[in-house]
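Chemist: return a 3D structure for these sequence lines:
(one chain, ligands or ions: 1)
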Amino acid sequence: MISQAMLGFGRSKSCIRELAAYGARRKAEIGADRVFDYSLGNPSVPAPDCVNEAIRELLSLDSCTLHGYTTAAGLPSLRRAIAEDMRKRYAAELDPDKMYIICGAAAGLAICLRALVQPGEEVIAFAPFFPEYRMFTEGVGGVLVTVPPLSDLQPDLDAFEKALTEKTQLVIVNTPNNPSGVVLSAQTLERLARILEAAQARYGHPIYLVSDEPYRELVYDGREVPCMLHFYDNTILDYSYSKSLSLPGERIGYLAVSPKMAEGDTVYAALTGAARACGYVNAPSLMQRVIEKCIGQTADVSIYRRNRDLLYNSLTEMGYDCVYPDGAFYLFVRTPEPDARAFSERAKKHELLLVPSDDFGLGGYVRLAYCVTEEMILRSLPAFKALAQEYGL
Ligand code: PLP
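Modeler: Next up, the predicted model:
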């Protein structure tokens, strides 16, 4: 019998998907350069040279080795290299035997949810959040509990404390954040960890924290992204190279269970089982080897910073109320009317494709992915101005 839950996910309306489809149609009708498409978080900065150099070098390897299966958890040499890099950059200890190379951060989330959440158990996410959190949670029969943010879009930790119950099994933290660009400070993570520790003691069972961090290196003005492993022992890192190396189509990243987790062996075994059950064993072999050769490198994120400055400053000057993004490549703008979908529809009349925030678990904003060309931003400014004037900004 067809799964009604999966059918529901497949048929559910997603603002991002609908906008992308609309954008494709509109570009065919009037020309791609006349549509200002801010809908998708697809990196616009090329992968650094080391990626193609590594691929060229690797082609000299024996074909059956290069394209053969690796161990299910990924090449041990790659896991050791990542652990070494994390020690150097974050003074964070990772155990290569508790790491699992995955097909992108999305696969990592799916594995964590499958391994650690049973039907009826609760998962907490801080709004605004990556829409797939709901899919991954409800896909295993879990219940997604969302915590609305403070007015500056930082997490409301008092509300978080109240949202925790004996059914809470897992909490997802995403910093830098998609869709707001907000980065969480060490102080915030520290308080969050203490709240979680108190809840674990109160309910007598572990509460796992998944730190979903594909934008870890996309931060500006010297802003630091503190490593969650320093704050909370029951942490699992979910990382991908989709954004930092501009490789989203190659599907490569890793899960790492904190070496300080008391039941780390059991949790790691459950993650390995879930990866098998999801069919996510053996991330792409060529990419595993590429990553090993590119450890510590990132794409040129200064291009995103310039786009951020241009877009934030221009829109703020026009009267839009924008959340200042410290990281990622998204600008979150408060809509001048309460209905974000209605605002997004009106923006379409100016050929501006802006994602209404409802998909992210919060109303009243639109998300602009500024991983686009600077030239497109400049061309789009008169359209933003005309839209602002319609609202009397
Ligand atoms: N988590 C967040 C917050 C994201 O924004 C994304 C992708 O945009 C993912 C996870 C999934 O990343 P990946 O492409 O590595 O699967």
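Chemist: now do stretch 55-69: distance to the chain's middle.
Modeler: Averaging C-alpha positions (C-alpha atoms, centre = their mean, to the nearest Å) puts stretch 55-69 30 Å from its chain's average.
Chemist: next, the distance between the ends of that stretch.
Modeler: 17 Å (C-alpha to C-alpha, to the nearest Å).
Chemist: mind listing what's buried in it?
Modeler: Neighbour-count burial for stretch 55-69 flags residue 58 (criterion: 16 or more other C-beta atoms under 10 Å). Bear in mind the C-beta positions are built from the backbone N, C-alpha and C, glycine included.
Chemist: list the contacts of that stretch.
Modeler: Applying C-beta atoms under 8 Å, 6 or more residues apart in numbering, the contact partners of stretch 55-69 are 282, 285, 286, 289, 290, 293.
Chemist: which element, helix or strand, includes the fifth one?
Modeler: Translated: residue 290. Using DSSP states H and E, residue 290 sits within helix 285-293.
Chemist: run through the neighbouring helices and strands of that helix.
Modeler: Applying 3 or more C-beta pairs under 8 Å, 6 or more residues apart in numbering; DSSP states H and E, we find helix 285-293 packed against helix 49-58, helix 63-66, helix 76-90.
Chemist: ok, and the most crowded of the contacts of stretch 55-69?
Modeler: Within the contacts of stretch 55-69, most neighbours by other C-beta atoms under 10 Å means residue 290, with 25 neighbours.
Chemist: quick one: contacts for that one?
Modeler: For residue 290, the contacting residues are 51, 54, 55, 58, 250, 252, by C-beta under 8 Å, 6+ apart.
Chemist: in TSV, list the residues you listed along with distance to residue 368.
Modeler: As requested, the contacts of residue 290 are exported to TSV (distance: C-beta to C-beta, whole Å):
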residue	distance to residue 368
51	27
54	33
55	32
58	37
250	25
252	27
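Chemist: and those residues as CSV, adding pLDDT and distance to residue 18?
Modeler: Formatted as CSV, those follow (pLDDT from 0 to 100; distance: C-beta to C-beta, whole Å):
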residue, pLDDT, distance to residue 18
51, 98, 32
54, 98, 37
55, 98, 35
58, 98, 39
250, 97, 26
252, 98, 29
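Chemist: I'd like those written out as CSV, with distance to the ligand added.
Modeler: Below are the contacts of residue 290 laid out as CSV (distance: C-beta to the nearest ligand atom, whole Å):
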residue, distance to the ligand
51, 15
54, 19
55, 19
58, 21
250, 9
252, 8
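Chemist: any idea which of the helices and strands packed on helix 285-293 is most buried?
Modeler: helix 76-90 (a mean of 17; mean count of other C-beta atoms under 10 Å).
Chemist: and that helix, what other elements does it pack with?
Modeler: Against helix 76-90 (3+ C-beta pairs under 8 Å, 6+ apart) you get strand 99-102, strand 253-257, helix 285-293.
Chemist: out of these, which comes closest to residue 112?
Modeler: Of all the helices and strands packed on helix 76-90, it is strand 253-257 that lies closest to residue 112, at 7.1 Å by C-beta to C-beta.
Chemist: and the closest one with helix 76-90, angle?
Modeler: 70 degrees (axes from the mean of the first three to the mean of the last three C-alpha atoms, to 10 degrees).
Chemist: could I get the average pLDDT for strand 253-257?
Modeler: What strand 253-257 shows for mean pLDDT is 98.
Chemist: what angle do it and helix 285-293 make?
Modeler: Going by the same axes, to 10 degrees, strand 253-257 makes 70 degrees with helix 285-293.
Chemist: residues in contact with strand 253-257?
Modeler: Contacts of strand 253-257 (C-beta under 8 Å, 6+ apart): 74, 79, 82-83, 86, 94-95, 98-105, 107-108, 111-112, 214, 236-242, 264, 267-268, 271, 283.
Chemist: which SSE is immediately downstream of that strand?
Modeler: Counting by DSSP H and E, what follows strand 253-257 is helix 264-278.
Chemist: now do that following helix: which elements does it pack against?
Modeler: With contacts taken as 3+ C-beta pairs under 8 Å, 6+ apart, helix 264-278 sits against strand 99-102, helix 104-116, strand 253-257.
Chemist: dump it to PDB, restricted to CA.
Modeler: Presented in PDB, the C-alpha positions along helix 264-278 are these (Å, rounded to 0.1, in the frame of the first residue of the first chain):
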ATOM      1  CA  GLY A 264      28.200   7.500  22.200                       C
ATOM      2  CA  ASP A 265      28.900   3.900  21.200                       C
ATOM      3  CA  THR A 266      25.300   3.000  21.200                       C
ATOM      4  CA  VAL A 267      24.200   6.200  19.400                       C
ATOM      5  CA  TYR A 268      26.900   5.700  16.800                       C
ATOM      6  CA  ALA A 269      25.700   2.100  16.200                       C
ATOM      7  CA  ALA A 270      22.100   3.400  15.800                       C
ATOM      8  CA  LEU A 271      23.200   6.000  13.300                       C
ATOM      9  CA  THR A 272      25.100   3.400  11.300                       C
ATOM     10  CA  GLY A 273      22.000   1.200  11.400                       C
ATOM     11  CA  ALA A 274      19.700   4.100  10.300                       C
ATOM     12  CA  ALA A 275      22.200   5.000   7.500                       C
ATOM     13  CA  ARG A 276      21.900   1.400   6.300                       C
ATOM     14  CA  ALA A 277      18.100   1.400   6.600                       C
ATOM     15  CA  CYS A 278      17.900   4.600   4.600                       C
END
